[in-house]
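K.L.:
need a 3D model of the following:
(one chain, ligands or ions: 1)
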Amino acid sequence: MATISKATVCEIKEYGKDTREYALKLDRNNYFEPGSFLLLTLEEKDDYTKWPESRNFSIASIYGKDAMIRLVIRKTGAYTTRIFNELAVGKTCTVKYAFGDFLLPFYDAKSPVCCIAGGTGIAPVLSFAEELKKNGQESRLHVYYSFKNSEENIGVDVLKGIVPGSQLHLYSTREQLSGVNCRRIEKNDILDSGLDFESSHFYICGSEAFTACFKELLLGEDVRNIYTDEW
Ligand SMILES: Cc1cc2nc3c(=O)[nH]c(=O)nc-3n(C[C@H](O)[C@H](O)[C@H](O)COP(=O)(O)OP(=O)(O)OC[C@H]3O[C@@H](n4cnc5c(N)ncnc54)[C@H](O)[C@@H]3O)c2cc1C
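P.N.:
Next up is the predicted model:
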């Protein structure tokens, strides 16, 4: 059964004017798999009767005894605007977790894990990176991450500390930045990656158009292990 917990905002990091990383402390701390998502409501809720209006967010961190979780939230509509307005440091919300099947392959602890992420789609990748590092398996991780500019480069510092240098591919679409490809991720970036398409696991996360583009590409290469999450 999913866990319902009060969550208190401990820290907020701004990434430009429309994206934030929230660090939340859970009252009820149960295990969740890296890559899971939760439901967040601004209402107080303590029981399993009708769940109030909420939105889904990927958990950008892994389970820990400190009961802390991180979410990356982009303000795109009415409810995320409410979250930005109402969820200040010290305030509480309610979360129900954990859900989803955008998870690491538990049956395969050896093959490469290649993540292709756009914008807030980096959230589950940050949780994969933390998990692989915890298990001493960060050499399996390859990341292709596209963001707009230096303000919105969510988690780049974390990724730089985990992903082997030659396996971290960064793309900024709206600003020239040193050490970053100043363009979108192109199909050939993936085709020329040198990854074994038969054994590698490909995780694609971003907008619907973004995930559809790379999914189609990989299907055309007869890739077997493709997982997508889009919003
Ligand atoms: C699995 C998953 C993971 C996600 N992870 C992230 C993430 O990490 N970061 C991030 O920024 N976004 C994430 N999203 C998207 C997020 O859940 C919101 O859909 C998005 O932020 C839309 O913004 P909004 O709610 O402000 O827009 P709104 O305009 O308020 O609503 C957008 C959509 O929400 C749905 N909706 C409308 N009313 C209701 C209601 N009463 N109850 C329930 N749903 C309703 C409708 O589909 C609507 O089109 C994720 C979505 C999914 C499905």
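
K.L.:
where do the strands sit along the chain?
P.N.:
Across the chain, reading from the start of the chain, the strands by DSSP state E fall at 3-15, 19-26, 37-41, 55-58, 68-74, 92-99, 113-118, 141-147, 168-172, 201-206, 225-230.

K.L.:
so is the fifth one next to the ligand?
P.N.:
Yes - among the residues of strand 68-74, 72-74 lie within reach of the ligand under C-beta under 6 Å from any ligand atom. Just so you know, the C-beta spots here come from the backbone N, C-alpha and C atoms, and that holds for glycine as well.

K.L.:
make a markdown table out of those residues and add neighbour count and distance to residue 123.
P.N.:
Converted to a markdown table, the residues of strand 68-74 next to the ligand look like this (neighbours: other C-beta atoms under 10 Å; distance: C-beta to C-beta, whole Å):
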| residue | neighbour count | distance to residue 123 |
| --- | --- | --- |
| 72 | 23 | 4 |
| 73 | 23 | 9 |
| 74 | 19 | 10 |
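
K.L.:
need the residues you listed in JSON lines with pLDDT, can you?
P.N.:
Shown next, in JSON lines, are the residues of strand 68-74 next to the ligand (pLDDT from 0 to 100):
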{"residue": "72", "pLDDT": "98"}
{"residue": "73", "pLDDT": "98"}
{"residue": "74", "pLDDT": "98"}
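
K.L.:
closest one of these to residue 84?
P.N.:
Sorting these by distance to residue 84 puts residue 73 at the head of the list, at 7.7 Å, by C-beta to C-beta.

K.L.:
surely the closest one meets residue 18?
P.N.:
No - Residue 73 is not in contact with residue 18 according to C-beta atoms under 8 Å; the separation is 9.3 Å.

K.L.:
how does this structure divide into domains?
P.N.:
3-99, 113-230 (automatic domain parsing).

K.L.:
close to the ligand: what parts of this protein are there?
P.N.:
Where the chain comes near the ligand, counting by C-beta under 6 Å from any ligand atom, the residues are 37, 53, 55-58, 72-74, 76-80, 120, 123, 229, 231.

K.L.:
want to throw the strands of the chain into JSON lines with distance to residue 48?
P.N.:
As requested, those are exported to JSON lines (distance: least, C-beta to C-beta, whole Å):
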{"stretch": "strand 3-15", "distance to residue 48": "7"}
{"stretch": "strand 19-26", "distance to residue 48": "17"}
{"stretch": "strand 37-41", "distance to residue 48": "13"}
{"stretch": "strand 55-58", "distance to residue 48": "18"}
{"stretch": "strand 68-74", "distance to residue 48": "21"}
{"stretch": "strand 92-99", "distance to residue 48": "9"}
{"stretch": "strand 113-118", "distance to residue 48": "33"}
{"stretch": "strand 141-147", "distance to residue 48": "37"}
{"stretch": "strand 168-172", "distance to residue 48": "42"}
{"stretch": "strand 201-206", "distance to residue 48": "29"}
{"stretch": "strand 225-230", "distance to residue 48": "26"}
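
K.L.:
quick one, which of the ones you listed is nearest to residue 194?
P.N.:
Of all the strands of the chain, strand 141-147 sits nearest to residue 194, with 9.3 Å by C-beta to C-beta.

K.L.:
adjacent strands (with direction) for the closest one?
P.N.:
strand 113-118 (parallel), strand 168-172 (parallel) (DSSP bridges).
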